[in-house]
Each structure stands twice: as C-alpha cells, then as structure tokens.
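1. sequence and predicted structure below; questions after.
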Protein chains: 2
Amino acid sequence: MDYKFRCDCPFTSAIDILGDKWMLVIVKQMLVEGKETFKDFTESEEAIATNVLTIKLKLLEELGLISKSKLPHNKKTNIYRLTAKGLELTPILVELAAWSDHNLRDMHPTLQKGKGIDLLRADKEAFTRTLVTSYQQKLGIKNDGPNE
Amino acid sequence: MDYKFRCDCPFTSAIDILGDKWMLVIVKQMLVEGKETFKDFTESEEAIATNVLTIKLKLLEELGLISKSKLPHNKKTNIYRLTAKGLELTPILVELAAWSDHNLRDMHPTLQKGKGIDLLRADKEAFTRTLVTSYQQKLGIKNDGPNE
DNA sequence: GTAATTACTTTCAAAATGCAAGTAATTAAT
DNA sequence: ATTAATTACTTGCATTTTGAAAGTAATTAC
C-alpha cells in the first residue's frame, strides 16, 4: 500500500487520493445515505460499476478510511463503515455541497433543495456536526443494540 | 456547454465537475502559486501535460470559474485568472489541505510543513480569507497599477 | 435440494490521461 | 529585415482509468 504522490503539496496530495469520480461519492453514500453493503452501493442512484466498486472499497479500506466486517450470524454480507479518519472527510463533502448549492443551480436546475440544504445554508459547521454525530449514533445503535 | 450530471445530489454534482486529477490543482496553482499563463502551468512541479491543460482551462472558462484575457501590449500571452465564482472554491481547497495535514503524514512523510500549515491549523477560516484577499489584492495591483 | 442473494471477477469497450513531437502566431535579437 | 526564441496550442499514440455486461463461487432462504 504505497500510494504515489505527485509532490509535497497538501492540496495536491489530497487530490491524489480523493480526486476521482468515486472515492468521495462512496463516502457520501455511507455518510448521508447509510449505505453499508456491496449491494447497497450497486443499488444507489449513482450506479457505480461493480468492478470499480470493488477496487475503490479496497483502496478506501487500505487507506483506513473505511472498515470491512461481518455481522454475527451472516457469513456472506460484508459491512463497510466509515472510520474516524473517514469521518474527517465530512467537512470536504460539506464544502462541495455548499459550492454546488451556490454555483451550479443555473447549470443544473434539478439540483436538490429542501431541509438539508436549508441547514447547510444556515450553518455549515452545524450541518457537518449533524452529519457526523448522526452517523456515529446509527453505528452505536447497530453495534450495541439487539443483534439482527 | 451542457455538462452531464449523474443525479441531483449536491455532493455528487460538485464531484461531477471537480472530481478529477486536475481541475482543483489548476485552481490551486492560480490561487496559491500565482500562476497566470499557459507557460506558468506547464512549468509547475505537478507538470500537467499540455493537451490536458488546454482542455481543462477551456472547461474552467466555460464554467465561469476562470477568465481568459490578454495584457495591453502583448498579443501572444493569455492571462488566466480566477473569477469570483472560482474563488469560492477556496474553502474546498482549504479543507482538502487540512485533511492531508491530519491524515496523510504517515503515508507521505515529505508532505509540506511550515508557516502556511501552522496558520491552517490555527484557524481554517482565517487561512481561507487570507488566500482569497491576497489573491484579490494581487489582481488589484496588476489591474490598477502601472502597465508592464 | 433448489433458487435466490451477495460479493465479487472477467472480458471487452470507451474515455481520460500521459508523453513526445510538431505548428502557427507573436515577440526579441542582430 | 531576417532569424531565433517564446507562447499557446494541436496531433498522434501509448497507457491507465472507468463503464457495461456477463459470469462465478459461497452463502442463505425456501
């Protein structure tokens, strides 16, 4: 797992890891859409191809951004979850969404509106905290609660 | 100029535009390294290929993120500058750099340190404002000052 | 035991990127 | 005024990344 970086610039090095069509989209699907299994991802609106999904999940795991595990009584289904390191991507995602909201609407008239966007506009940091804590809470429920 | 978006998600739509190896790197080179001409970009450490550079500069201009102009007494050299819309990408870049600083150092030991990073750590918003205002100030000097 | 589900892998096509060389217009040098 | 250098590209081709479709092995449900 020796990733090649173009140079020593912190901006560029993040883009070396995250600058493609899928890495951050997968993280978003986990964070805001609660996706956890391979199947969940293939069924999403964004419809990532399974070969690419396999590669990207592997990479995200190698980078320590997500973890891969199984539930107690299911030997088949893999459960993918964001690690603390992965959750630190949330502010990046929030800034991307804010930028879309401000700059893409004329080019993309059907871009989502609603409660989420309103909170994002009102208070970016609060929006970020909400995403992170609600994700952590869901995990807590799943790990501590009665096993499915 | 009808860009294709995968869906109506604001996160994903930003990634549709910015999610590649070069778009944000070019913006960074303008914002923090003061690059303005085609030649400037080809001479950078990141060494973008000229064919790709041409395509990306065109796209950034079509999207209204950069402007293309010439200096009064030079019919050859094109000057590329960030627009207000392009400057709004700064918070995204800052979050990317902060994430690199926090999460990439073990994987990438030669990642930059120094004054810039210290300010970034101390106060992300101040760092963002500094980048934006110093870029705008440089433009002001170039546009209002004595012509070269 | 059979069928469905899940997490992949494989194959091949298409698109993005990388590298090297070439070109046209402009500017600088003699 | 002619030649050389510079700038902003374009072109051609190899490589890498991504996309679409089909196939497979292990597990689970009926």
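-> Received the coordinates, thanks. Numbers count the residues shown, from 1 in each chain, chains lettered A, B, ... in the order given.

2. going by C-alpha atoms from here, please, whenever you check contacts or count neighbours.
-> Fine.

3. quick check: residues of chain A near DNA strand C?
-> For chain A, the residues in contact with DNA strand C (Cα under 7 Å from any atom of the strand) are A:37, A:38, A:39, A:40, A:50, A:51, A:54, A:55, A:76, A:77, A:78, A:79.

4. buried sites along whichever strand or helix holds residue A:130?
-> Assigned by DSSP states H and E, residue A:130 falls within helix A:124-144. By neighbour count, with 16 or more other Cα atoms under 10 Å in any protein chain shown as the criterion, the buried positions of helix A:124-144 are A:124, A:127, A:128, A:131, A:132, A:135, A:136.

5. kindly report the same for stretch A:66-76.
-> Buried-residue list, stretch A:66-76, by 16+ other Cα under 10 Å: A:66, A:67, A:68.

6. the second one belongs to a strand?
-> Yes - per DSSP: H, G, I helix; E, B strand; the rest coil, residue A:67 lies within a strand segment.

7. so which of the buried residues of helix A:124-144 comes closest to DNA strand C?
-> residue A:135 (19.2 Å; Cα to the nearest atom of the strand).

8. thought that closest one was touching residue A:31?
-> Yes - contact status for residue A:135 versus residue A:31: in contact at 6.3 Å, counting by Cα atoms under 8 Å.

9. can you name the residues that contact the residue sitting nearest the centre point of chain A?
-> Central residue of chain A (Cα atoms, centre = their mean): residue A:27, 1.5 Å from the mean position. For residue A:27, the contact set (Cα atoms under 8 Å, 6 or more residues apart in numbering or on different chains) comprises A:82, A:86.

10. the one 5 residues further on too?
-> Contacts of residue A:32 were listed using Cα under 8 Å, 6+ apart, and they are A:131, A:135.

11. the strand or helix carrying it near DNA strand D at all?
-> Applying DSSP H and E as the criterion places residue A:32 in helix A:23-33. No - Helix A:23-33 is not in contact with DNA strand D by Cα under 7 Å from any atom of the strand; minimum separation 8.3 Å.

12. name the helix or strand for residue A:92, please.
-> helix A:90-103.

13. about what we covered before: how near is the residue nearest to the centre of chain A to DNA strand C?
-> 16 Å (Cα to the nearest atom of the strand, to the nearest Å).

14. distance check, that residue against residue A:61.
-> Distance of residue A:27 to residue A:61, computed by Cα to Cα, to the nearest Å: 11 Å.

15. re earlier: in ChimeraX, how would I select the buried members of the residues of chain A next to DNA strand C?
-> In ChimeraX, this line selects whichever of the residues of chain A next to DNA strand C come out buried by 16+ other Cα under 10 Å:
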select /A:37,38,78
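
16. possible to save the residues of chain A next to DNA strand C as a markdown table with distance to residue A:23 and pLDDT?
-> Formatted as a markdown table, the residues of chain A next to DNA strand C follow (distance: Cα to Cα, whole Å; pLDDT from 0 to 100):
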| residue | distance to residue A:23 | pLDDT |
| --- | --- | --- |
| A:37 | 16 | 95 |
| A:38 | 14 | 95 |
| A:39 | 17 | 95 |
| A:40 | 16 | 94 |
| A:50 | 14 | 92 |
| A:51 | 14 | 93 |
| A:54 | 12 | 94 |
| A:55 | 10 | 94 |
| A:76 | 24 | 87 |
| A:77 | 21 | 93 |
| A:78 | 18 | 94 |
| A:79 | 17 | 96 |
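
17. take the residues of chain A next to DNA strand C and lay them out in TSV including distance to residue A:91.
-> TSV is the format used below for the residues of chain A next to DNA strand C (distance: Cα to Cα, whole Å):
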residue	distance to residue A:91
A:37	24
A:38	25
A:39	27
A:40	24
A:50	27
A:51	28
A:54	25
A:55	24
A:76	33
A:77	30
A:78	27
A:79	24
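
18. which of the residues of chain A next to DNA strand C fall in helices?
-> Using DSSP state H, A:38, A:39, A:40, A:50, A:51, A:54, A:55 are the members of those that sit in helices.

19. enumerate the residues of chain A near DNA strand D.
-> Checking chain A against DNA strand D by Cα under 7 Å from any atom of the strand, the hits are A:20-22, A:47-52, A:73-76.

20. tell me, how many residues neighbour residue A:105?
-> Residue A:105 is flanked by 13 other residues according to other Cα atoms under 10 Å in any protein chain shown.

21. so it sits in a helix?
-> No - checked against three-state DSSP, residue A:105 lies outside a helix; its state is coil.

22. so what's it up against?
-> residue A:111.

23. mind pulling the model confidence for it?
-> On pLDDT, residue A:105 comes in at 94.
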